[in-house]
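**Q** Model the following, please.
(4 chains)
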Protein chains: 2
Amino acid sequence: MNTKDLAYFDRLINLKNFSQVALEFGVTQPTITTAIKRLETEFGSKLVLRDRVHNTLTVTASGQQLAIHAAAILERLALAHHEISNLTQQRTVLGLPPIIENHYFPRVAAHLQELGMLENIETLEGGSVWLRNALRDGQVDLALLGSTAPLAYETLVAEEFDRKPFNIFVSRQHPLASRKRIYFSELRREKFVLFNSSFIHNTAFNQLARRNHFRPDVVYRARDTHIIMNLVAENVGVTYLTALVDQHRDDVVRLELLDDEQPAFISSIVYRSSHVLTPAQKQVLAVLRGTLEEKA
Amino acid sequence: MNTKDLAYFDRLINLKNFSQVALEFGVTQPTITTAIKRLETEFGSKLVLRDRVHNTLTVTASGQQLAIHAAAILERLALAHHEISNLTQQRTVLGLPPIIENHYFPRVAAHLQELGMLENIETLEGGSVWLRNALRDGQVDLALLGSTAPLAYETLVAEEFDRKPFNIFVSRQHPLASRKRIYFSELRREKFVLFNSSFIHNTAFNQLARRNHFRPDVVYRARDTHIIMNLVAENVGVTYLTALVDQHRDDVVRLELLDDEQPAFISSIVYRSSHVLTPAQKQVLAVLRGTLEEKA
DNA sequence: ACTCATTATAAATTATTTTTATAACGACTG
DNA sequence: CAGTCGTTATAAAAATAATTTATAATGAGT
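**A** Numbers count the residues shown, from 1 in each chain, chains lettered A, B, ... in the order given. Alright, predicted model coming up:
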């Protein structure tokens, strides 16, 4: 069976129009007709029904079933291409969320530099949620990710190397600035400046908010800790961030949270379980482990 | 790309011999040579190295990577065939582990009977571990499974409907027969008659044994609760089984376990997340839910 | 009745896969 | 060391399969 047929089918399910699919693939319309017919023969079942009355195309149960598997197969094929291409180009793409990049990567980079391995590494930045997908579809080979619960996916291997609490940061001018510790519920009336939603800070924050039964007033969302910290310093609002971002600024005060069972910022080394590591990638992994898990 | 090439490649990785692969597929040897060459061109990388000196075949890193994906793709394709075939034949295969079949199925069967749906159902028996695999590769559409931890697999959807403790069963002649409750650690010197290892009873049993730091003396393993109960009655040993199997025999006594955080026998309705349920299967699922989750 | 936007069909063409036949390679053997 | 065995590779021919071209068919809308 040709995977091209699956690709045609996959698009047909979305476009619901034979001619348009043909156009997209730069082939003629009968090509699509025969491709679908081939699949229908192969699986011994009608896959789509051409409803000429309403000029629509309905997908049969078998068709829906095949659509699911076709999409998965095509995705895996793309992943194979991606991975083998990285493999042959001796390329290692390392995914880093900005907070982790700031806090842990300098140490890792220093070690890699010493071993002359830094130039073969390409880094890709993005929120942990986005990077997890990039990792799954092969754009990234290795990643350091943050999460609030231990990462457990069949397709990914995660090795936790650190766990830090979340803290509250307020301006030195803020009434709470004299405090050292605080309960989340005391922040009911505050304005918040937070990370935008591709970061796991939100997951943790929402958990705490839900548990304390209030809907926090979020006045601004940013992609950058410096922007957030500057806003906090100006007393635009308070923020909720990992202890990792502490920049020891004298215009911002860090408060610990007293709540039990708080979410933590868990840092892990992550890679695909289906991924074959090159010798170079194995070395990078070894350096990551050596540098990050050294307390163990 | 033709999936046949992936099939050839997949076998080649295992057999490491072009001619034998050709033989297995009933084609000639140059067919395999060209198929592999096609893949090597498609992925832009050598996949295998023909070592004529040692007369062996080594798989490159790219080859190993592709092998993983090829196997997964072929498996999925087979699953698609299986599922669509069940779909068109209006067949529903229900997987049942014997204990669950004995305890819960009669009620379900009665309801299905009333609705005239029993004849379209084919049941397949086996241990929970075995059935989980049968479910994954499409031999089974729906299953009732036992587990000790809530089932959480990306590929399967599990709906827990009951949770029962495990008990100890001893012969009426046994010195412990006068007891109602017992700690697992008190069984350190006992002989055990247990289920064989495709059942989750073992997982639970091993957990408890490990936690109590002793290696239990297992004198016999069987596939059938009646055999086990008969052996227990004869005082060949004691057994560890779910409360579900209680047959109210007067020659066997049931003892509850007093340990905290004991494993439980969790019963769930399980199906593939990628599976499209036919109307008939949806009805079966509704009956299962209605019958089994009725306490909720 | 005519036009439009569809999908289907059949023959011709083009592309791809497989076979046939044979070469090449290196190990082993008498 | 020539001959044979068990391999995989190569090239041309044959067989299969996919795609295009050209056209038909269908039913909705005007």
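**Q** and the stretch 1-150 of chain A, which of its residues are near chain B?
**A** A:1-4, A:43-45, A:61-62, A:64-66, A:68-70, A:72-73, A:76-77, A:79-81, A:83-85, A:87-88 (C-beta under 8 Å from any C-beta of the partner chain). In short, each C-beta sits where N, CA and C put it, glycine included.
**Q** and the lengthiest strand in chain A, is it in reach of chain B?
**A** As assigned by DSSP state E, the longest strand anywhere in chain A is strand A:156-171. No: Strand A:156-171 is not in contact with chain B by C-beta under 8 Å from any C-beta; minimum separation 10.3 Å.
**Q** how far does that strand sit from the chain's center?
**A** 16 Å (C-alpha atoms, centre = their mean, to the nearest Å).
**Q** Just checking: what are the partner strands of the helix or strand following it?
**A** With elements assigned by DSSP states H and E, the helix or strand that comes after strand A:156-171 is strand A:181-182. Looking at strand A:181-182 with DSSP bridges, its partner strands are strand A:252-257 (parallel).
**Q** now what about whatever helix or strand comes next after the partner strand, what contacts it?
**A** Later in the chain than strand A:252-257, the nearest helix or strand by DSSP H and E is strand A:264-272. Here strand A:264-272 makes contact (C-beta atoms under 8 Å, 6 or more residues apart in numbering or on different chains) with A:100, A:104, A:132, A:135-136, A:138, A:141-151, A:155-166, A:200-201, A:204, A:242-244, A:277, A:285, A:288-289, A:292.
**Q** Buried ones in strand A:264-272, by neighbour count?
**A** A:264-272 (16 or more other C-beta atoms under 10 Å in any protein chain shown).
**Q** cool, and stretch A:98-116?
**A** A:98-101, A:103-105, A:108-109, A:111-112.
**Q** same deal with stretch A:251-264?
**A** So stretch A:251-264, judged by 16+ other C-beta under 10 Å, has buried residues A:252-255, A:257, A:262-264.
**Q** just stretch A:173-193 next, same as before
**A** Applying 16+ other C-beta under 10 Å to stretch A:173-193 flags A:174, A:182, A:184, A:187, A:190, A:192-193 as buried.
**Q** still on that earlier bit, now, which of the contacts of strand A:264-272 lie within helices?
**A** Per DSSP state H, helices hold the following members of the contacts of strand A:264-272: A:100, A:132, A:135-136, A:201, A:204, A:285, A:288-289, A:292.
**Q** Can you tell me which of the residues you listed is nearest chain B?
**A** A:R136 (11.1 Å; C-beta to the nearest C-beta).
**Q** if I look at that closest one, how far off is A:L87?
**A** 17 Å (C-beta to C-beta, to the nearest Å).
**Q** Between these two, which has more neighbouring residues?
**A** Of the pair A:R136 and A:L87, A:L87 is the one with more neighbours under other C-beta atoms under 10 Å in any protein chain shown, namely 25 against 16.
**Q** and the residue nearest to A:F205 when sequence neighbours are not counted, how many neighbours?
**A** Distance criterion C-beta to C-beta, 6 or more residues apart in numbering or on different chains; nearest residue to A:F205, sequence neighbours excluded, is A:Y240 at 5.1 Å. Other residues within reach of A:Y240, judged by other C-beta under 10 Å, total 23.
**Q** Now name the helix or strand holding A:Y240.
**A** Counting by DSSP H and E, A:Y240 is part of strand A:239-242.
**Q** which secondary structure elements does the one helix or strand A:R76 maps to contact?
**A** Using DSSP H and E, A:R76 falls within helix A:61-88. Judged by 3 or more C-beta pairs under 8 Å, 6 or more residues apart in numbering or on different chains; DSSP states H and E, helix A:61-88 is in contact with helix A:3-15, helix B:61-88.
**Q** List the buried residues in that helix.
**A** Under 16+ other C-beta under 10 Å, the buried positions of helix A:61-88 are A:61-63, A:65-74, A:76-77, A:79-84, A:86-88.
**Q** do that helix and DNA strand C meet?
**A** No: residues of helix A:61-88 are not located near DNA strand C by C-beta under 7 Å from any atom of the strand, the shortest gap being 12.9 Å.
**Q** helices and strands around the strand or helix carrying A:T33, which ones?
**A** Element membership for A:T33 (DSSP H and E) is helix A:29-42. When contacts are defined as 3+ C-beta pairs under 8 Å, 6+ apart, helix A:29-42 sits against helix A:3-15, helix A:18-25.
**Q** Can you add distance to B:I32 and mean pLDDT and give the helices and strands packed on helix A:61-88 back as CSV?
**A** Output for those, formatted as CSV (distance: least, C-beta to C-beta, whole Å; pLDDT from 0 to 100):
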stretch, distance to B:I32, mean pLDDT
helix A:3-15, 19, 96
helix B:61-88, 14, 93
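**Q** between those, which one is nearest to DNA strand D?
**A** helix A:3-15 (5.4 Å; C-beta to the nearest atom of the strand).
**Q** Buried ones in that closest one, by neighbour count?
**A** A:3, A:5-13.
**Q** out of the residues you listed, which one sits closest to DNA strand C?
**A** Among those, and counting by C-beta to the nearest atom of the strand, the member closest to DNA strand C is A:L12, at 8.1 Å.
**Q** Next one: the closest one from A:Q65, what distance?
**A** Applying C-beta to C-beta to A:L12 and A:Q65 gives a distance of 15 Å.
**Q** A:T203 now?
**A** A:T203 is 33 Å from A:Q65, by C-beta to C-beta.
**Q** just A:Y153 next, same as before
**A** 24 Å.
**Q** And for A:K46?
**A** With C-beta to C-beta as the criterion, A:K46 and A:Q65 are 12 Å apart.
**Q** repeat for A:V218
**A** For A:V218 relative to A:Q65 (C-beta to C-beta), the value is 42 Å.
**Q** circling back: relative to strand A:252-257, how tilted is the longest strand of chain A?
**A** Counting by axes from the mean of the first three to the mean of the last three C-alpha atoms, to 10 degrees, strand A:156-171 points 120 degrees away from the direction of strand A:252-257.
**Q** Check which helices and strands strand A:156-171 sits against.
**A** So strand A:156-171, by 3+ C-beta pairs under 8 Å, 6+ apart, packs with helix A:128-136, helix A:201-211, helix A:225-233, strand A:239-242, strand A:252-257, strand A:264-272, helix A:279-292.
**Q** Quick one: mean pLDDT over stretch A:155-168.
**A** Taken as a whole, stretch A:155-168 has a mean pLDDT of 90.
**Q** typo on my end, stretch A:272-285
**A** Here the average pLDDT along stretch A:272-285 is 88.
**Q** What residues of it count as buried?
**A** A:272, A:274-278, A:280-281, A:283-285.
**Q** So what's the residue count around the residue lying closest to A:S62 once chain neighbours are set aside?
**A** Distances taken as C-beta to C-beta, 6+ apart place A:S45 nearest to A:S62, at 4.0 Å, with adjacent residues excluded. By the measure other C-beta under 10 Å, the count of residues near A:S45 is 19.
**Q** Quick check: end-to-end length of stretch A:184-194?
**A** Using C-alpha to C-alpha, to the nearest Å, the end-to-end distance of stretch A:184-194 comes out at 15 Å.
**Q** before we move on, back to that, so in that sheet, which strands flank whatever helix or strand comes next after the helix holding A:R76, and in what orientation?
**A** Counting by DSSP H and E, the next helix or strand C-terminal to helix A:61-88 is strand A:92-96. Looking at strand A:92-96 with DSSP bridges, its partner strands are strand A:121-125 (parallel), strand A:142-147 (parallel).
**Q** what does stretch A:33-52 contact?
**A** A:1, A:4-6, A:8-9, A:12-13, A:18, A:57-60, A:62-63, A:66, B:80-81, B:84-85, B:87-88.
**Q** Where do the domain boundaries of chain A fall?
**A** A:3-87, A:96-157+A:271-292, A:163-265 (automatic domain parsing).
**Q** Of all these, which one is nearest DNA strand D?
**A** Nearest to DNA strand D among those is domain A:3-87; the distance by C-beta to the nearest atom of the strand comes to 3.4 Å.
**Q** Tell me the spacing between A:L135 and A:A78.
**A** Taken as C-beta to C-beta, the span from A:L135 to A:A78 is 14 Å.
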